[in-house]
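Trainee: Starting from these lines, generate the structure:
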Amino acid sequence: MAGVAVLAISGGAAVSATGADTSTLASSGTSSLDATAAIGTAAGQALSRRGAVVSRDYTRGSDVETTDPELVALAEKQMAERAAKLDEMRKEAEKQAAKIEENKWVLPLASYQITATFGQVGLWASYHTGLDFNGNTGDPIMAIANGTVTSTGYDGSYGNKTVVTLDDGTEIWFCHQTSIYVSVGDRVNGGEVIGTVGATGHVTGSHLHLEVRPGGGGPVDPFQAFVEHGIVP
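Mentor: Have a look, this model is predicted:
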């Protein structure tokens, strides 16, 4: 303000030197000072308003900062829920995989030839009720899947027989055995040796006669049962 005032006075002096009226000078000087004062006031108000804008911006930034922890907490909660759901799905998938593995069938002999199939007629009273795996006497017989031994012993034309009831209720009959290694009530797993191949009962040679009886009922084609469980004898 003082600098502007000096400039106005200097201007007045220059006018006076050219012969301007003193009263005019005084009037002009007064007007210049008033104008300068008005400009100063307006500038101050403008600066004041700008300061208010800066202050408002800062306040808005502070509001965002105070909201950030809430957003972070929400995001963390959602991530935790997603991780928990994925973990639940993974565990369920592992359970299903384990269940499939438990129920997976295996072949009863390591080395064999199929010598008679289900439904054949000829040597039997009516028709052949199982699948014959040719083998040598003493060859190990393996349980084809997980189950519980529900019967063992000699059974007429079947010779020495072991019955393993699978977890779904299906009975598997292992017949003509030379020896039986399990007892009623034993829990066996697929691939576990339960006895040996023999020629006991009504036979023409050493082999394993295997029957599949769903729910303990009548026999069904063992070949088809194996295929349905992913194995081709």
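
Trainee: Report the residue spans of the chain with pLDDT below the cut-off.
Mentor: 1-67, 96-102, 122-125 (pLDDT under 70).

Trainee: Strands of that one, start to end?
Mentor: 113-116, 131-134, 140-142, 147-154, 160-166, 171-177, 179-180, 187-188, 193-196, 207-213 (DSSP state E).

Trainee: and Glu92, which of those is closest to it?
Mentor: strand 160-166 (23.3 Å; Cβ to Cβ). Backbone N, C-alpha and C define where each C-beta goes, glycine included.

Trainee: Using PDB, write out every CA atom in stretch 183-195.
Mentor: As requested, the backbone C-alpha atoms of stretch 183-195 are provided in PDB (Å, rounded to 0.1, in the frame of the first residue of the first chain):
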ATOM      1  CA  SER A 183     -11.600-113.800   9.600                       C
ATOM      2  CA  VAL A 184     -15.200-112.500   9.900                       C
ATOM      3  CA  GLY A 185     -15.200-108.900  11.100                       C
ATOM      4  CA  ASP A 186     -11.800-108.000   9.600                       C
ATOM      5  CA  ARG A 187     -11.600-104.700   7.800                       C
ATOM      6  CA  VAL A 188      -9.700-105.100   4.500                       C
ATOM      7  CA  ASN A 189      -8.600-102.600   1.900                       C
ATOM      8  CA  GLY A 190      -8.400-102.900  -1.900                       C
ATOM      9  CA  GLY A 191      -5.200-104.700  -2.900                       C
ATOM     10  CA  GLU A 192      -4.800-106.400   0.500                       C
ATOM     11  CA  VAL A 193      -4.100-110.200   0.300                       C
ATOM     12  CA  ILE A 194      -7.000-112.200   1.800                       C
ATOM     13  CA  GLY A 195      -6.100-115.800   0.600                       C
END
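
Trainee: Okay, buried residues for it please.
Mentor: 186, 188, 190, 192, 194-195 (16 or more other Cβ atoms under 10 Å).

Trainee: Would you mind listing the two of these that lie farthest apart?
Mentor: Counting by Cβ to Cβ, the most remote pair of the buried residues of stretch 183-195 is Gly190 and Gly195, 15.0 Å apart.

Trainee: Format the strands of the chain as TSV; extra columns: distance to Met89.
Mentor: What follows is the strands of the chain, written out as TSV (distance: least, Cβ to Cβ, whole Å):
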stretch	distance to Met89
strand 113-116	42
strand 131-134	40
strand 140-142	35
strand 147-154	30
strand 160-166	28
strand 171-177	34
strand 179-180	44
strand 187-188	31
strand 193-196	37
strand 207-213	35
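
Trainee: Please name whichever of these is nearest to Leu86.
Mentor: Closest among the strands of the chain, using Cβ to Cβ: strand 160-166, at 33.4 Å.

Trainee: gap between the nearest residue to Ile180 once chain neighbours are set aside and Leu109?
Mentor: Nearest residue to Ile180, sequence neighbours excluded (Cβ to Cβ, 6 or more residues apart in numbering): Gly195, at 4.6 Å. Gly195 is 11 Å from Leu109, where distance means Cβ to Cβ, to the nearest Å.

Trainee: list residues touching both of those two?
Mentor: Jointly contacting Gly195 and Leu109 under the rule Cβ atoms under 8 Å, 6 or more residues apart in numbering are 140-141.

Trainee: Check which residues of stretch 171-187 are buried.
Mentor: 171-178, 180-182, 186.

Trainee: My guess is Ile144 contacts Pro108. True?
Mentor: Yes. Using Cβ atoms under 8 Å, Ile144 is in contact with Pro108, at 5.5 Å.
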